[in-house]
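Q: below: sequence and its predicted model.
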Amino acid sequence: MKKQILMGGLLAIFLISGSCKKAEKSVVDCLSESIKTTVHVTVSTSNAKQVTTEVKYWGHHTITSVKWEYGDGVTATTTGLTSSHTYTAAGSYTVKARVTFTEGKSSCEVDPTKAVNIL
(Lines give C-alpha, C1' and ligand atoms only; values in the text may rest on other atoms or scores of the structure.)
Protein backbone atom coordinates (compact mmCIF):
# COMPACT_ATOMS: atom_id res chain seq x y z
CA MET A 1 0.00 0.00 0.00
CA LYS A 2 2.85 2.39 0.85
CA LYS A 3 4.39 1.74 -2.58
CA GLN A 4 1.10 2.69 -4.30
CA ILE A 5 0.82 5.94 -2.33
CA LEU A 6 4.47 6.76 -3.03
CA MET A 7 4.06 6.03 -6.74
CA GLY A 8 0.86 8.11 -6.86
CA GLY A 9 2.63 11.04 -5.18
CA LEU A 10 5.58 10.81 -7.56
CA LEU A 11 3.23 10.69 -10.55
CA ALA A 12 1.38 13.79 -9.29
CA ILE A 13 4.66 15.69 -8.83
CA PHE A 14 5.81 14.66 -12.31
CA LEU A 15 2.54 15.81 -13.91
CA ILE A 16 2.55 19.14 -12.06
CA SER A 17 6.18 19.89 -12.92
CA GLY A 18 5.57 18.93 -16.57
CA SER A 19 2.67 21.34 -16.89
CA CYS A 20 4.70 24.19 -15.37
CA LYS A 21 7.46 23.68 -17.91
CA LYS A 22 4.92 23.74 -20.74
CA ALA A 23 3.38 27.02 -19.53
CA GLU A 24 6.83 28.56 -19.08
CA LYS A 25 7.81 27.54 -22.62
CA SER A 26 4.72 29.30 -24.07
CA VAL A 27 5.69 32.59 -22.44
CA VAL A 28 9.29 32.31 -23.62
CA ASP A 29 8.13 31.45 -27.14
CA CYS A 30 5.92 34.56 -27.31
CA LEU A 31 8.77 36.78 -26.17
CA SER A 32 11.05 35.16 -28.73
CA GLU A 33 8.51 35.66 -31.52
CA SER A 34 8.20 39.37 -30.72
CA ILE A 35 11.95 39.74 -31.28
CA LYS A 36 11.72 37.92 -34.62
CA THR A 37 8.83 40.02 -35.97
CA THR A 38 9.00 43.51 -37.51
CA VAL A 39 6.76 45.81 -39.56
CA HIS A 40 7.94 47.59 -42.68
CA VAL A 41 6.05 50.48 -44.30
CA THR A 42 6.69 51.70 -47.85
CA VAL A 43 5.11 54.93 -49.13
CA SER A 44 4.00 54.76 -52.77
CA THR A 45 5.98 56.87 -55.23
CA SER A 46 2.84 57.58 -57.29
CA ASN A 47 0.50 58.48 -54.37
CA ALA A 48 2.12 60.00 -51.26
CA LYS A 49 -0.87 58.99 -49.07
CA GLN A 50 -0.78 55.30 -50.02
CA VAL A 51 1.36 52.80 -48.11
CA THR A 52 2.18 49.13 -48.40
CA THR A 53 2.73 47.39 -45.08
CA GLU A 54 4.55 44.12 -44.55
CA VAL A 55 5.32 41.83 -41.62
CA LYS A 56 8.80 40.36 -41.73
CA TYR A 57 9.24 37.23 -39.63
CA TRP A 58 12.19 34.87 -39.35
CA GLY A 59 10.81 32.39 -36.85
CA HIS A 60 9.40 28.89 -37.36
CA HIS A 61 5.80 29.20 -36.12
CA THR A 62 2.78 29.61 -38.38
CA ILE A 63 1.27 33.09 -38.70
CA THR A 64 -2.50 32.63 -38.78
CA SER A 65 -3.58 36.28 -39.03
CA VAL A 66 -2.43 39.88 -38.98
CA LYS A 67 -4.70 42.67 -37.71
CA TRP A 68 -3.45 45.99 -39.06
CA GLU A 69 -4.09 49.26 -37.25
CA TYR A 70 -3.00 52.20 -39.41
CA GLY A 71 -3.14 54.89 -36.71
CA ASP A 72 -6.02 56.81 -38.28
CA GLY A 73 -8.86 54.67 -36.90
CA VAL A 74 -8.89 52.23 -39.84
CA THR A 75 -8.16 48.53 -39.28
CA ALA A 76 -7.91 45.49 -41.54
CA THR A 77 -7.33 41.79 -40.92
CA THR A 78 -5.35 39.64 -43.34
CA THR A 79 -4.11 36.07 -43.45
CA GLY A 80 -1.12 37.16 -45.52
CA LEU A 81 1.86 39.23 -44.47
CA THR A 82 1.13 42.34 -46.57
CA SER A 83 -1.56 44.99 -46.76
CA SER A 84 -2.08 48.40 -48.29
CA HIS A 85 -3.81 51.52 -47.02
CA THR A 86 -4.53 55.03 -48.24
CA TYR A 87 -4.55 57.83 -45.68
CA THR A 88 -7.01 60.70 -46.12
CA ALA A 89 -4.82 63.34 -44.49
CA ALA A 90 -1.15 64.17 -44.07
CA GLY A 91 0.37 63.54 -40.66
CA SER A 92 2.43 61.23 -38.48
CA TYR A 93 0.93 57.81 -37.84
CA THR A 94 1.92 54.62 -36.07
CA VAL A 95 1.17 51.40 -37.93
CA LYS A 96 0.64 48.39 -35.66
CA ALA A 97 0.36 44.77 -36.74
CA ARG A 98 -1.17 42.36 -34.23
CA VAL A 99 0.42 39.12 -35.44
CA THR A 100 -1.08 35.83 -34.25
CA PHE A 101 1.15 32.74 -34.25
CA THR A 102 0.09 29.14 -33.66
CA GLU A 103 1.86 25.91 -32.99
CA GLY A 104 -0.43 23.01 -32.37
CA LYS A 105 -3.08 24.17 -29.88
CA SER A 106 -0.92 27.02 -28.51
CA SER A 107 -1.13 30.56 -29.82
CA CYS A 108 0.60 33.86 -29.19
CA GLU A 109 0.11 37.49 -30.27
CA VAL A 110 2.77 40.16 -30.74
CA ASP A 111 2.31 43.82 -31.71
CA PRO A 112 5.23 45.28 -33.67
CA THR A 113 4.83 48.96 -34.70
CA LYS A 114 6.34 51.35 -37.20
CA ALA A 115 6.05 55.14 -37.45
CA VAL A 116 5.21 56.67 -40.83
CA ASN A 117 5.00 60.30 -41.98
CA ILE A 118 2.46 61.05 -44.68
CA LEU A 119 2.97 64.29 -46.60
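A: Cool, got the structure. Numbering: from 1, shown residues only.

Q: switch to C-alpha atoms for all contacts and neighbour counts from now on
A: Fine.

Q: is Leu31 in a helix, a strand, or coil?
A: helix (DSSP: H, G, I helix; E, B strand; the rest coil).

Q: next one, pLDDT for the nearest residue to Thr37 once chain neighbours are set aside please.
A: The shortest distance from Thr37 to any residue other than its chain neighbours is 4.6 Å, reached at Tyr57 (C-alpha to C-alpha, 6 or more residues apart in numbering). We have a pLDDT of 95 for Tyr57.

Q: any idea how many residues pack against Tyr57?
A: Residues within reach of Tyr57, counting by other C-alpha atoms under 10 Å, total 17.

Q: hmm, it is touching Ile35, no?
A: No - contact criterion C-alpha atoms under 8 Å: Tyr57 and Ile35 do not qualify, at 9.1 Å.

Q: what residues are up against the residue nearest to Thr37?
A: By C-alpha atoms under 8 Å, 6 or more residues apart in numbering, the contact list for Tyr57 reads Lys36, Thr37, Thr38.

Q: so how far is Phe101 from it?
A: 11 Å (C-alpha to C-alpha, to the nearest Å).
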